[in-house]
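> attaching a predicted model along with its sequence, questions to come.
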Amino acid sequence: MNSADLPGALTPAWPNKAAWGTAPKLRAWQQEALSRYLTDQPRDFLAVATPGAGKTTFALTVAAELLGRRLVDRVTIVAPTEHLKVQWAEAAARAGIPIDPTYSAGQGKTSADYVGIAVTYAGVAVNPLAMRIRTERFKTLVILDEVHHAGDALSWGDGIREAFEPAARRLALTGTPFRSDTNPIPFVTYAPGHDGIPRSAADYTYGYAEALRDHVVRPVLFMAYSGQMQWRTRAGDEIAAHLGEPLTKDLTSQALRTALDPAGSWIPSVLAAADKRLTEVRRHVPDAGGLVIATDQDSARSYAKTLKAITGQSATVVLSDEKAGSKKIAKFSESDDRWMVAVRMVSEGVDVPRLAVGVYATTTSTPLFFAQAVGRFVRARTRGETASVFLPSVPNLLGFASELEMQRDHVLGKKVTSEDDIFAAEDALMAAANAEEGASEEELGAWEAMGSEARFDRVLFDGGEFGHSGEVHVGSEEEMDFLGIPGLLDTDQMRTLLQQRQSERARKQKSSGSAPVAADEPVAAVAAHEQLAVLRRELNGLVAAWHHRTKTPHGVTHNRLRKECGGPPAAVANAEQLRARIDTLRDWAARGSA
């Protein structure tokens, strides 16, 4: 028998103390979580920490302690993707814990050089019995990275439960919002909430707001772009709509897909704006990089061509299921190249610390995927670094951006509402996209893009909105007021600068008029019309953000605002009445409740 498969008596003295001694000093939250773990000595432990906070370092520290004290003999790491298996193995090697990322369930034995293995959730589900036999043979610590994936499919959850039920210790990690469904996640504790509905109970939680306060993660500047879209349906109907206006679910989906169409004008304009922002950031952070998250492979290749036309430099393209994907990501991470374009490969857990500018150019719009995507840009290296993420002005994405600091537990057995159905459907599409090539035409509805244009809409930062007193042309001085923000500013400096830019912009608009007017149109009539449209968009956007924050239906919020402020429905309200409702809703948001 291979010595690596013998029980504890012949187990080598892991971890390598000399290698582990060079590990970075633990952050305060990591030390606190470790102390709690070592004091309680639990069999199961769930740590919820925001992306970029250092869950890997925490988990490997726990592994080193348990191996060093002979409380476990082996380590099994379960990760969502093949790339993350390799990334875990590399991190563990630096910590003096040799992990085999090439192990497969039917393999049985590993080299004597390894003290553990790294596998995927899908790999465990293929042969959970083989993994169970291995787990039973050794005192095993199982690290479940991004444990919510154990609920992605019933077979995955069943496989994880069967394979690792005999484990001596199980350490579950996650950094993204859990979803509401009826399938419990294996080895996660649930406790009744105030409403009697079971919710996941974390043993240690370290949220984005706490990490931001501790300068562990970067603050995120969201640059939202709207614009006019035009497309043709299967029936031959031509539809024109404004991205960001209240639309049905189907129309919103088709408008978003029109914006992201590589042949239109929206995506090239936004990519050019993002590259300008990257140039400004690189004045202060020379190796800062950008990432475009695309829906599918064809779009990714087209976006890369557009970026080369803009920058004169080739972008790194990482496609799904690409064997060389991990090497491409590693090479990009170590270089100072400007842009990478990826399809799903660069999602949760993938560590490219120099990423500072992102473009959210995917039709996947669930809270889970959004949090994973934004998590790629928040890892802090130098105090003052700020992440900038460009996104379409779609109500649910704006809502996710505004509630970035909120935490969500896994709600079990929650009564499903119509909107929950929508999120469940989107989550199903996201799971399919991570495994295959994305949703089909039948799933999303037949559509043909006919044209698009981009307008700079607003900036979202630290729960506030700036630059939303009217859309402006891409490439204008008003847009550059925000794209040209310095690349190194702490949160307070950023907030102060945004407020100054907002005030300056308001003064300019007041002195020069709210919008350009065609020569043959009455000035007062056009100004009033555009002013009302801007105010309605702002109000509807705030109502949508309030819905995502409180789950209050849009209609209920509009009715409450009418009751408190007076006046007719928003569609026929005047500017003064709309401003009053906007101010009232902002006051609710500042106070945290209505």
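Received the coordinates, thanks.
> return the distance of the residue nearest the centre of the chain relative to Val378.
Nearest to the mean C-alpha position of the chain, by Cα atoms, centre = their mean, lies Ala371 at 2.4 Å. Here Ala371 is placed at a distance of 10 Å from Val378 (Cβ to Cβ, to the nearest Å). All C-beta atoms are positioned from the backbone trio N, CA, C, and that covers glycine.
> go on, Leu260?
23 Å.
> by contact count, what packs against the helix or strand where Arg277 lies?
Per DSSP states H and E, Arg277 falls inside helix 266-284. Judged by 3 or more Cβ pairs under 8 Å, 6 or more residues apart in numbering; DSSP states H and E, helix 266-284 is in contact with strand 220-233, helix 249-259, strand 289-294, helix 297-311, strand 355-361, strand 387-392, helix 477-483.
> quick one: distance of stretch 569-584 to the chain centre.
33 Å (Cα atoms, centre = their mean, to the nearest Å).
> now do the buried residues in it.
Across stretch 569-584, burial judged by 16 or more other Cβ atoms under 10 Å covers 570, 573, 577-578, 580-582, 584.
> from those, which ones fall inside helices?
Using DSSP state H, 577-578, 580-582, 584 are the members of these that sit in helices.
> and stretch 563-577, how far apart are its ends?
In stretch 563-577, first residue to last residue: 12 Å (Cα to Cα, to the nearest Å).
> what's the answer for stretch 286-295, then?
Its first and final residues considered, stretch 286-295 spans 29 Å by Cα to Cα.
> next one: stretch 463-482
End-to-end span of stretch 463-482 (Cα to Cα): 17 Å.
> which of the ones in helices among the buried residues of stretch 569-584 lies closest to Glu245?
Using Cβ to Cβ, the shortest approach to Glu245 within those belongs to Leu578, at 14.9 Å.
> re the thing from before, which of the buried residues of stretch 569-584 sits closest to Lys109?
Once Cβ to Cβ is applied, the member of those that ends up nearest Lys109 is Ile582, at 66.1 Å.
> tell me the contacts of that closest one?
535, 538-539, 542 (Cβ atoms under 8 Å, 6 or more residues apart in numbering).
> now swap in Tyr121 and tell me
Applying Cβ under 8 Å, 6+ apart to Tyr121 gives the contacts 78-80, 149-150, 152, 156, 159-160.
> the helix or strand hosting Arg458 packs against which elements?
Using DSSP H and E, Arg458 falls within strand 455-461. Helices and strands touching strand 455-461, by 3+ Cβ pairs under 8 Å, 6+ apart, are strand 220-233, helix 395-402, strand 464-466, strand 472-473, helix 477-483, helix 491-512.
> which neighbours in the sheet does it have, and how are they oriented?
Here strand 455-461 is paired, per DSSP bridges, with strand 220-233 (antiparallel), strand 464-466 (antiparallel), strand 472-473 (antiparallel).
> could I get the ones you listed as JSON lines with mean neighbour count, distance to Ala401 and mean pLDDT?
Listed next are those as JSON lines, based on neighbours: other Cβ atoms under 10 Å; distance: least, Cβ to Cβ, whole Å; pLDDT from 0 to 100:
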{"stretch": "strand 220-233", "mean neighbour count": "22", "distance to Ala401": "4", "mean pLDDT": "91"}
{"stretch": "strand 464-466", "mean neighbour count": "21", "distance to Ala401": "10", "mean pLDDT": "81"}
{"stretch": "strand 472-473", "mean neighbour count": "17", "distance to Ala401": "19", "mean pLDDT": "82"}
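> which one of those lies nearest to Ser393?
Closest among the strands paired with strand 455-461, once you apply Cβ to Cβ, is strand 220-233, at 3.9 Å.
> quick check: angle from that closest one to strand 387-392?
20 degrees (axes from the mean of the first three to the mean of the last three Cα atoms, to 10 degrees).
> which parts of stretch 60-78 are buried?
60-67, 72-78.
> which one of those is nearest Arg277?
For the buried residues of stretch 60-78, the minimum distance to Arg277 (Cβ to Cβ) is 34.6 Å, reached by Leu60.
> now stretch 254-267: mean pLDDT?
On average, the pLDDT along stretch 254-267 is 93.
> hmm, back to that, out of the helices and strands packed on helix 266-284, which gets nearest to Arg27?
Closest among the helices and strands packed on helix 266-284, using Cβ to Cβ: strand 387-392, at 18.8 Å.
> only C-alpha atoms, please: export that closest one in CSV.
The C-alpha trace of strand 387-392 is given here as CSV (Å, rounded to 0.1, in the frame of the first residue of the first chain):
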residue,chain,number,x,y,z
ALA,A,387,-12.8,49.3,-7.8
SER,A,388,-14.9,50.6,-10.7
VAL,A,389,-17.6,48.4,-12.2
PHE,A,390,-19.5,49.5,-15.3
LEU,A,391,-23.0,48.1,-15.7
PRO,A,392,-26.2,48.5,-17.6
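> who does it touch, helix- and strand-wise?
strand 220-233, helix 266-284, strand 355-361, helix 367-374, helix 395-402.
> with distance to Arg507 as added columns, please give these in JSON lines.
Formatted as JSON lines, the helices and strands packed on strand 387-392 follow (distance: least, Cβ to Cβ, whole Å):
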{"stretch": "strand 220-233", "distance to Arg507": "22"}
{"stretch": "helix 266-284", "distance to Arg507": "23"}
{"stretch": "strand 355-361", "distance to Arg507": "29"}
{"stretch": "helix 367-374", "distance to Arg507": "33"}
{"stretch": "helix 395-402", "distance to Arg507": "26"}
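> just those: most buried one?
Burial of the helices and strands packed on strand 387-392 is given as mean neighbour count (mean count of other Cβ atoms under 10 Å); strand 355-361 ranks first at a mean of 26.
> the inter-axis angle of that strand versus helix 249-259?
120 degrees.
> if you average pLDDT over strand 355-361, what comes out?
So the average pLDDT for strand 355-361 ends up being 95.
> partners of that strand in the sheet?
With DSSP bridges as the test, strand 355-361 pairs up with strand 289-294 (parallel), strand 387-392 (parallel).
> show me the contact partners of that strand.
Residues contacting strand 355-361 (Cβ under 8 Å, 6+ apart): 218, 260, 267, 270-271, 274, 277-278, 281, 285, 288-295, 299, 303, 340, 370, 373-374, 376-377, 379, 385-392, 397, 487.
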